[in-house]
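Engineer: Pasted the sequence and its predicted model underneath.
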Amino acid sequence: MRVLPGHSFTEQLDIPLLLVILFFLFFLGLVYYLRGEDKREGYPLESDRTLGTGGRMKVVGFPPIPAPKVFRLMHGGTVMAPRPEPARELAAFSAYEFPGSPIMPSGDPLVDGIGPASYALKSDTPDLTVDGSLKLTPLRNHPHYRLEETGIDPIGMRVVTRDGFDVGTVADVWINAHEYFPRYLEIDANVESGGRRVLAPFAFANIRKGLGIVRFGQLTRSQFSRIPPLASADQITMREEDRLNGYFAGGAFYDGSPTEDALS
């Protein structure tokens, strides 16, 4: 008579296997937590299903949206997330009659912020440094800052658009006072281009020292005249920044009739 060996669950469970099981449980819990936390912004999703059901169906997904949490801001004040987001009216219509179809602009897409010219409704307050001062500021307000002497000083140069029109003169340079690099050019536009001072992102500028011009190949003169204005002459808010950069980013895409560049 032969006796078969018995089997027990604990005989198959050793310390290394237990650690592997605990690691995977911890990892799954971490993924669940992080996936829930990243839903504090942008959820519930804006969906055609929500509109089609009169707001009854919320597109949330898995895991659910976490409970609201209050965050204390570095420079005072608090913000709650998730929070109700203001509805933004879009001057656009659906290209096709099915859920998820792309939208088409019904007005001026650059001004309305459609497609590549879109922008987020960020906080309408300026970005601040650690000590509470303005991070983005014009050089005229900070004489202890100056442009690198070995570089190009664009102040005083003429500004030219993609269609070859002279639209103004560079009046000042706005810098990032925290990281020490130029961010925007302040342009004194001529009468034909709006007759006001506007900001243009430095990253979109093509500075041609030999010709003494700064060319913005994204905008035509008519588009340049509609650059979104700032609420203050000496500061820019985070929302204004996002809208301004979106305006220049969408300029070339929404130009209906490309014009030969007279300067190329």
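Structural biologist: Structure received.

Engineer: Check the offset of stretch 89-101 from the chain's centre.
Structural biologist: 22 Å (C-alpha atoms, centre = their mean, to the nearest Å).

Engineer: And Ser232, its phi and psi?
Structural biologist: phi -130, psi 150 (degrees, to the nearest 10).

Engineer: give me the number of residues near the residue nearest to Arg146 when sequence neighbours are not counted?
Structural biologist: Using C-beta to C-beta, 6 or more residues apart in numbering and skipping the chain neighbours, the partner closest in space to Arg146 is Leu139 (7.4 Å). Yep, even glycine has a C-beta here, placed from its N, CA and C like the rest. By other C-beta atoms under 10 Å, 18 other residues sit near Leu139.

Engineer: Which pLDDT value goes with Leu139?
Structural biologist: On pLDDT, Leu139 comes in at 91.

Engineer: so how far is Gly246 from it?
Structural biologist: From Leu139 across to Gly246, the span is 25 Å (C-beta to C-beta, to the nearest Å).

Engineer: again, but for Leu19
Structural biologist: Counting by C-beta to C-beta, the gap from Leu19 to Gly246 is 50 Å.

Engineer: between the two, who's got more neighbours?
Structural biologist: Between Leu19 and Gly246, counted using other C-beta under 10 Å, the more crowded position is Gly246 (20 against 10).

Engineer: Which secondary structure state is assigned to the more buried one?
Structural biologist: Counting by DSSP: H, G, I helix; E, B strand; the rest coil, the backbone at Gly246 sits in helix.

Engineer: what pLDDT does the closest residue to Pro102 other than its chain neighbours get?
Structural biologist: In space, Pro102 comes closest to Ala95 once its chain neighbours are excluded; the distance is 4.9 Å by C-beta to C-beta, 6+ apart. For Ala95, the pLDDT comes out at 86.

Engineer: which residues of the protein fall in strands?
Structural biologist: 69-72, 78-81, 92-94, 103-105, 136-138, 158-161, 166-176, 181-189, 197-201, 206-208, 213-216 (DSSP state E).

Engineer: ok so, going back, what about the residue nearest to Pro102, neighbour count?
Structural biologist: Look at Ala95: counted by other C-beta under 10 Å, it has 10 neighbours.

Engineer: likewise Leu128?
Structural biologist: 15.

Engineer: tell me the contacts of it?
Structural biologist: Residues in contact with Leu128 (C-beta atoms under 8 Å, 6 or more residues apart in numbering) are 74-75, 134-135.

Engineer: What's the separation between the closest residue to Arg83 other than its chain neighbours and Leu230?
Structural biologist: In space, and not counting its chain neighbours, Arg83 is closest to Pro68: 6.9 Å by C-beta to C-beta, 6+ apart. Pro68 sits 33 Å away from Leu230, going by C-beta to C-beta.
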